[in-house]
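Visitor: Got a sequence here, can you model it:
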Amino acid sequence: MLDEVAEGDLDNAKSMSIIVTKGSLDWAYPPFILGTTAAAMDMKVTMFFTFYGLTLLKKKLNLKFTPLGNPAMEMPMMGGHMAMPNILGVLPGVGSAAGTMMKNLMKKKGVASIEDLREAAVETDVRMIACQMTLDLFEYSEDDMIDGIELGGAATYMEVASKSDINLFI
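Guide: Numbering: from 1, shown residues only. You can find the predicted model right below:
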């Protein structure tokens with residue numbers, strides 16, 4: 001019954017907006033996966049990149065991984081799952097090593113890269129808006145960003161969100 005209701009609700013959903021606020025490797029996947037999936041389902045998708053999420057639109061990605069403050073993070077190791085104690089996250093090089101492990105695991109499991117997902121978003125006509133205020137704040141230029149994006153502000157996002165069937169904050 002719940003599946004039928006959820007499916008019926010999705011049939012009525014025609015648009016989705018996503019505010020993307022984080023730019024680390026682990027936080028980059030949810031908005032791109034949800035956005036490209038919705039676009040593949042013929043939904044009109046707008047992604048608004050602000051603050052640290054804006055870095056996901058840079059031509060050259062250098063995504064970091066955030067093990068610190070993530071007690072739910074368990075990595076498959078030696079036939080089981082090993083949780084990384086928070087204290088390890090403060091040691092020099094641990095974040096980089098964990099990021100490398102995560103990238104290798106994703107590659108091994110056939111998970112698309114953020115670059116591939118971002119390209120899929122462009123190809124499926126996902127509207128990607130870079131926050132002009134954040135661009136100015138962090139002293140980026142439009143030339144630092146990939147082609148095919150537009151610039152806008154909070155009012156641009158609010159106009160989209162007020163008409164969207166689904167609004168997500170990631």
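Visitor: in this structure, which helix or strand is least confident?
Guide: Using mean pLDDT, DSSP states H and E, helix 2-12 stands out as the lowest-scoring helix or strand of the chain, at a mean of 54.
Visitor: Run through the protein and note the low-pLDDT ranges.
Guide: 1-12, 66-78, 80-96 (pLDDT under 70).
Visitor: show me what contacts the residue nearest the centre of it?
Guide: Here the mean C-alpha position of the chain is nearest to the C-alpha of A28 (CA atoms, centre = their mean), at a distance of 3.0 Å. For A28, the contact set (CB atoms under 8 Å, 6 or more residues apart in numbering) comprises 22, 56, 63, 114. C-beta: built from backbone N, CA, C; applies to glycine.
Visitor: Between those, which sits nearest T37?
Guide: I114 (15.0 Å; CB to CB).
Visitor: What is the neighbour count of that closest one?
Guide: Using other CB atoms under 10 Å, I114 has 19 other residues around it.
Visitor: Can you give me every residue that contacts it?
Guide: Per CB under 8 Å, 6+ apart, neighbours of I114: 25, 28-29, 32, 56, 61, 63.
Visitor: Out of these, list just those in helices.
Guide: Members of these lying in helices (criterion: DSSP state H): 25, 28-29, 32.
Visitor: From those, list just the buried residues.
Guide: For those, a burial check counting by 16 or more other CB atoms under 10 Å picks out 25, 28-29, 32.
Visitor: Throw those into a markdown table and include distance to A155, thanks.
Guide: Output for those, formatted as a markdown table (distance: CB to CB, whole Å):
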| residue | distance to A155 |
| --- | --- |
| L25 | 31 |
| A28 | 26 |
| Y29 | 28 |
| F32 | 25 |
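Visitor: for these, which one is nearest L137?
Guide: Looking across these and measuring by CB to CB, the closest to L137 is A28, at 20.0 Å.
Visitor: From M43, how far out is that closest one?
Guide: Using CB to CB, to the nearest Å, A28 is found at 20 Å from M43.
Visitor: Same question for D147.
Guide: Note on D147: its distance to M43, by CB to CB, is 23 Å.
Visitor: So those two - more neighbours on which side?
Guide: Taking other CB under 10 Å, D147 and M43 do not tie; M43 has more neighbours (19 against 7).
Visitor: Is it correct that that one is in contact with A13?
Guide: Yes: using CB atoms under 8 Å, M43 is in contact with A13, at 6.4 Å.
Visitor: Quickly list what's touching both of those two.
Guide: With CB under 8 Å, 6+ apart as the test, M43 and A13 both reach I166.
Visitor: Enumerate the positions of stretch 42-55 that are buried.
Guide: By 16+ other CB under 10 Å, the buried positions in stretch 42-55 come out as 43-51, 53-55.
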